[in-house]
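Undergrad: Dropping the sequence and predicted coords here.
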Amino acid sequence: MHEDLGNFRKTYQKEQLLESEVPSNPMELFRKWFYEVQESGSIDEPNAMAVATNGLDGFPKNRMVLLKRFTAEGFIFYTNYESEKGRAIAADPRVCLSFYWSHLERQVIVKGEAERLAENLSDGYFESRPEGSRLGAILSRQSEVIPSREFLEDGLKALEAEYEGKEIQRPPYWGGFLVRPWSIEYWQGRPNRLHDRLRYTLQEDWDWKLERLAP
């Protein structure tokens, strides 16, 4: 089977990205872009991002997760620490985050190092989740082979009965990661494929170096 996708084309012409118009700190630009995407109402989950890790099997792997918070320090998401991604990060904390907001013709690529979030912060977020999500985190041994869908559904019913009227505490194998960025690249689509690409790189003195990349 052969499918030629060469005629799928789009003209990029909505915005521009100029050195003279961006802040010196890349997290300030991320905040601006994120809220512009959110306010546009064009994307169901503007906080969806791809997380790439270097796997224990020697292969890189991408998967979509949800960004739950961003601060001056970096980007926070939550997962099962014993999952494939959790074990990969434990072995090699270098990760890459990617955001793609097609309606505004923008993408952001973050290279950085992931570290476990403080337990009290993971506890606080876990407590804010709906009951079903908390029970799902306890039930699911993420990335492990399971026999069937019914295995999950029966397990959830058992947990619902077990925890009825009881406090649901965060399991020790579930929590947050903070990704501290080393570099952040901003991409804005432009006509004739001459896209704007600006890359911020963290320097030894903790200042950010700004460079333009060829499209």
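TA: Okay, I see it. Residues are numbered from 1 along each chain as shown.
Undergrad: Identify the residues contacting residue 143.
TA: 80, 82, 83, 84, 85 (CB atoms under 8 Å, 6 or more residues apart in numbering). Backbone N, C-alpha and C define where each C-beta goes, glycine included.
Undergrad: likewise residue 172?
TA: Contact analysis of residue 172 by CB under 8 Å, 6+ apart lists nothing.
Undergrad: returning to that earlier point: what about the contacts of residue 143, which are in strands?
TA: Under the assignment DSSP state E, the contacts of residue 143 contribute residue 80 to strands.
Undergrad: Dump the contacts of residue 143 into JSON lines; add distance to residue 19 and neighbour count as well.
TA: Shown next, in JSON lines, are those (distance: CB to CB, whole Å; neighbours: other CB atoms under 10 Å):
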{"residue": "80", "distance to residue 19": "41", "neighbour count": "19"}
{"residue": "82", "distance to residue 19": "44", "neighbour count": "16"}
{"residue": "83", "distance to residue 19": "40", "neighbour count": "18"}
{"residue": "84", "distance to residue 19": "39", "neighbour count": "18"}
{"residue": "85", "distance to residue 19": "35", "neighbour count": "24"}
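Undergrad: Taking the contacts of residue 143, tell me the two that lie furthest apart.
TA: Spatial extent of those (CB to CB) is set by the pair 82 and 85 at 10.0 Å.
Undergrad: ok, the strand ranked longest in the chain: who's next to it in the sheet?
TA: Longest strand of the chain, by residue count under DSSP E: strand 174-188. Under the criterion DSSP bridges, strand 174-188 sits next to strand 75-80 (antiparallel), strand 106-116 (antiparallel), strand 196-202 (antiparallel) in its sheet.
Undergrad: Just name the closest of the contacts of residue 143 to residue 215, please.
TA: Looking at the contacts of residue 143 and their distance to residue 215, the nearest is residue 85, at 30.6 Å (CB to CB).
Undergrad: ok, now which ones touch that closest one?
TA: By CB under 8 Å, 6+ apart, residue 85 lies in contact with 51, 53, 61, 63, 79, 143.
Undergrad: Check which residues of stretch 42-56 are buried.
TA: 46, 47, 49, 51, 52, 53, 54 (16 or more other CB atoms under 10 Å).
Undergrad: just stretch 129-143 next, same as before
TA: 134, 135, 136, 137, 138, 139, 140, 142.
Undergrad: And for stretch 105-117?
TA: By neighbour count on 16+ other CB under 10 Å, the buried set for stretch 105-117 is 105, 106, 107, 108, 109, 110, 111, 112, 113, 114, 116, 117.
Undergrad: The residues you listed: which two are farthest apart?
TA: The widest separation within the buried residues of stretch 105-117 (CB to CB) is 35.0 Å, between 105 and 116.
Undergrad: In helices, which of the buried residues of stretch 129-143 appear?
TA: 134, 135, 136, 137, 138, 139 (DSSP state H).
Undergrad: Apart from its chain neighbours, what residue comes closest to the fourth one?
TA: What sits nearest to residue 137 in space, not counting adjacent residues and going by CB to CB, 6 or more residues apart in numbering, is residue 174, at 4.8 Å.
Undergrad: mind checking how far that neighbour is from residue 78?
TA: Here residue 174 is placed at a distance of 7 Å from residue 78 (CB to CB, to the nearest Å).
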